[in-house]
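Trainee: My questions are about this predicted structure, shown below with the sequence.
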Amino acid sequence: MNRTTLIGLIALVGIAAGTLLWRYWTQQKAIDRQKEITTVLENTEENLQGRITALEELLAKYPGDRMIERVAVYQILKTYVELNGDAATLIRAAERFLTTDSSGAAYDYVASVYADRGINAAEGLRYANRALLEAEEMERPEAMTDSQWQAQRRMMIGECEHIRGKLYALNMQPRTALTALRAARDSVPDSPSILFDVAKGYEQAGEPDSALSVYLDVVRLRYDDAEAREAIGRLYPERRDRWVSVESVLHTLVERARAARKETILTERISDPAPQAPNFTLNGLDGEKIRLDSLRGKTVVLYLWATWCVPCQRQLPLMEEAYAAYGSRPDVAFLAVSLDQRPELIKPFVKRRGYTLPVAHGDREVYTGFQVEGLPTLILIDPQGKVRFRQLGHSDVGDFVEELGWRIEALTDTNPARPS
């Protein structure tokens with residue numbers, strides 16, 4: 001090797017080493033700044049106005065940092081929404097957010113804010129139409145199977161059409177609103193929220209019989225929906241039978257819906273050959289070691305979640321309610337496994353919300369071992385250690401706690417009665 005070649009080789013090694021150091025430093029910087037944002041959000045959970053001030057200070061501290069800007073500006077908009085800010089404030093925050101994020105998801109979120117708050121319907125429609133176009137044209141991510149992508153795509157399109165329907169209604173276009181809402185229902189036929197707005201759309205379009213039929217569908221899915229029940233109380237005597245007790249009709253409707261749903265849920269039980277649950281050892285919140293095989297002989301309710309997961313945040317209170325109902329049974333064990341990359345976030349999160357169900361931290365091995373496709377994921381393991389039920393995501397259909405009880409009953413010898 002001559003001297004020139006050696007110098008060139010040394011230079012290349014130096015460049016490679018420098019590039020690696022630069023990437024490491026950039027990645028570490030991003031991690032540190034993410035921690036700063038997380039700390040702000042944690043410390044201001046009870047002081048939303050203080051959160052906005054702290055986020056603005058972060059923006060001033062790191063001018064030109066795109067990651068800080070994108071996350072902080074989104075959180076500022078989200079916080080103004082939680083504070084029920086006035087229309088002018090929300091519009092300014094939304095327009096600022098869209099300068100940092102031009103994705104279809106960003107436009108969809110802003111359109112939903114406009115729809116839910118009833119502001120600037122024409123501009124909201126422009127955003128919703130852009131989000132719908134992107135959802136329709138988006139290609140399947142490599143990590144998803146065709147069936148997973150089709151389901152995800154239907155959900156995205158359904159959400160966009162739902163928002164468009166609400167905005168068209170605000171814009172005093174009832175027929176166009178109804179068309180969009182029915183398209184949302186076609187994409188997501190079992191969403192009580194979409195169905196409720198479809199029913200309202202039928203009423204606004206002067207079709208009370210269709211409205212009543214859809215309101216009844218809402219109660220079949222979400223038994224205690226007070227607004228749907230009130231609408232049925234108004235419409236049923238006029239459109240069906242004024243001499244029949246509406247409460248009796250609703251009671252029969254719900255009992256039949258419950259029976260049908262129970263039958264459906266229990267048919268989802270994984271039959272033999274059912275997969276054996278992988279064994280693992282996890283760290284509990286107080287440092288104790290938890291092994292799955294130590295729970296053998298019990299029905300295990302395993303809940304996989306993360307502190308950052310919004311559907312998990314909505315479902316965790318129901319998991320806590322289920323633990324209160326069934327967790328004291330000697331033949332049942334609950335374990336909520338957080339898959340957060342930063343385990344130090346878990347204990348403060350659980351403590352702030354007053355959860356008492358057993359919680360542990362899991363890693364990538366748990367995620368892959370149980371072939372998790374997303375969060376939250378509910379898994380029930382029978383006393384022989386076999387996976388018998390899986391449920392992905394959060395839904396407002398039915399009664400989560402009651403349905404978990406049905407699954408527990410199916411895997412144990414005794415039948416617990418759900419506390420009233």
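Mentor: Thanks, I have the structure now. Keep in mind that this is a model prediction, so the values were computed, not measured.

Trainee: Okay, and the residue nearest the centre of the chain sits in which element?
Mentor: The centroid of the chain falls nearest to residue 311 when counting by Cα atoms, centre = their mean (2.4 Å). Using DSSP states H and E, residue 311 falls within helix 310-326.

Trainee: In stretch 296-315, which residues are buried?
Mentor: Of the residues in stretch 296-315, those buried by neighbour count under the rule 16 or more other Cβ atoms under 10 Å are 296, 298-309, 312-313, 315. Just so you know, the C-beta spots here come from the backbone N, C-alpha and C atoms, and that holds for glycine as well.

Trainee: Show me those residues that map onto helices.
Mentor: Counted as lying in helices by DSSP state H, out of the buried residues of stretch 296-315, are 312-313, 315.

Trainee: low-scoring stretches of the stretch 1-150 of the chain, by residue?
Mentor: For the stretch 1-150 of the chain, the stretches flagged by pLDDT under 70 are 1-31.

Trainee: For it, just list every one of the helices.
Mentor: Secondary structure of the stretch 1-150 of the chain (DSSP state H, counting those that start in this stretch): helices at 3-43, 48-61, 66-82, 87-98, 104-117, 121-137, 146-170.

Trainee: rewinding a little: any idea which of the buried residues of stretch 296-315 the model trusts least?
Mentor: The member of the buried residues of stretch 296-315 with the lowest pLDDT is residue 308, at 86.

Trainee: so what's the spatially closest residue to it that is not a sequence neighbour up against?
Mentor: With sequence-adjacent residues excluded and distances taken as Cβ to Cβ, 6 or more residues apart in numbering, residue 308 is closest to residue 340, at 7.2 Å. For residue 340, the contact set (Cβ atoms under 8 Å, 6 or more residues apart in numbering) comprises 306-308, 346, 361.

Trainee: would you list these in TSV and tack on distance to residue 378?
Mentor: TSV is the format used below for the contacts of residue 340 (distance: Cβ to Cβ, whole Å):
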residue	distance to residue 378
306	14
307	17
308	18
346	18
361	18
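
Trainee: Pull the most distant pair out of these.
Mentor: 308 and 361 (14.0 Å; Cβ to Cβ).

Trainee: and stretch 130-141, which residues are buried?
Mentor: Judged by neighbour count using 16+ other Cβ under 10 Å, the buried positions of stretch 130-141 are 130-132, 134-135.

Trainee: Which pair of the residues you listed spans the longest distance?
Mentor: Once Cβ to Cβ is applied, the buried residues of stretch 130-141 give 130 and 135 as the farthest pair, at 9.8 Å.

Trainee: circling back: so what does the helix holding residue 311 touch, helix or strand wise?
Mentor: On a contact count with 3 or more Cβ pairs under 8 Å, 6 or more residues apart in numbering; DSSP states H and E, helix 310-326 meets strand 299-305, strand 332-338, helix 400-411.

Trainee: Just checking: what are the partner strands of the first one?
Mentor: Okay, so that is strand 299-305. Strand 299-305 has the following strand partners under DSSP bridges: strand 332-338 (parallel), strand 377-381 (antiparallel).

Trainee: Can you give the strand pairings for the helix or strand following the last one, parallel or anti for each?
Mentor: It refers to strand 377-381. Note on strand 377-381: by DSSP H and E, the next helix or strand toward the C-terminus is strand 387-392. Sheet pairing of strand 387-392 (DSSP bridges) gives strand 377-381 (antiparallel).

Trainee: And the average pLDDT for the partner strand is what?
Mentor: The average pLDDT within strand 377-381 is 97.

Trainee: hmm, back to that, now for the helices of the stretch 1-150 of the chain, which one comes closest to residue 289?
Mentor: Closest among those, using Cβ to Cβ: helix 3-43, at 27.0 Å.

Trainee: what residues does the helix holding residue 311 touch?
Mentor: For helix 310-326, the surrounding residues in contact (Cβ under 8 Å, 6+ apart) are 301, 303, 305-306, 332, 334, 336, 353, 355-357, 375-376, 393-394, 400-401, 404-405, 408, 416, 418-419.

Trainee: Please parse the chain into its domains.
Mentor: According to automatic domain parsing, the chain comprises the domains 23-239, 281-411.

Trainee: Which of the ones you listed sits closest to residue 266?
Mentor: Among the domains of the chain, domain 281-411 comes nearest to residue 266, with 5.7 Å by Cβ to Cβ.

Trainee: what about that closest one, distance to the chain center?
Mentor: 16 Å (Cα atoms, centre = their mean, to the nearest Å).

Trainee: To what extent is the closest residue to residue 81 other than its chain neighbours buried, counted in neighbours?
Mentor: Among residues not flanking residue 81 along the chain, residue 113 sits closest, at 5.8 Å (Cβ to Cβ, 6+ apart). Counted with other Cβ atoms under 10 Å, the neighbours of residue 113 add up to 23.

Trainee: which residues touch residue 113?
Mentor: Per Cβ under 8 Å, 6+ apart, neighbours of residue 113: 77, 81, 90, 94.

Trainee: What distance do you get for residue 349 to residue 355?
Mentor: Counting by Cβ to Cβ, to the nearest Å, the gap from residue 349 to residue 355 is 9 Å.

Trainee: more neighbours, those two?
Mentor: Shown here are residue 349 and residue 355; by other Cβ under 10 Å, residue 349 has more neighbours (19 against 16).

Trainee: Which strand or helix spans that one?
Mentor: helix 346-353.

Trainee: Next up, identify which helix or strand the residue nearest to residue 308 is on.
Mentor: Using DSSP H and E, no helix or strand contains residue 340.

Trainee: Quick check on it: phi, psi?
Mentor: In terms of degrees, to the nearest 10, the main-chain angles of residue 340 are phi -60, psi 140.

Trainee: list residues touching both of residue 130 and residue 135?
Mentor: With Cβ under 8 Å, 6+ apart, residue 130 and residue 135 have common neighbours residue 104.

Trainee: re the thing from before, between the buried residues of stretch 296-315, which is closest to residue 120?
Mentor: Comparing the buried residues of stretch 296-315 against residue 120 with Cβ to Cβ picks out residue 313 as the nearest, at 28.4 Å.

Trainee: Wait, residue 396 touches residue 192, no?
Mentor: Yes: using Cβ atoms under 8 Å, residue 396 is in contact with residue 192, at 5.8 Å.

Trainee: Give me the spatial nearest neighbour of residue 212, chain neighbours excluded.
Mentor: In space, residue 212 is closest to residue 235, 4.3 Å off (Cβ to Cβ, 6+ apart).

Trainee: what's the burial count for the one you found?
Mentor: The burial count for residue 235: 20, using other Cβ under 10 Å.

Trainee: In terms of helices and strands, where is it?
Mentor: Applying DSSP H and E, one finds residue 235 within helix 226-239.

Trainee: Thanks again, I'm all set now.
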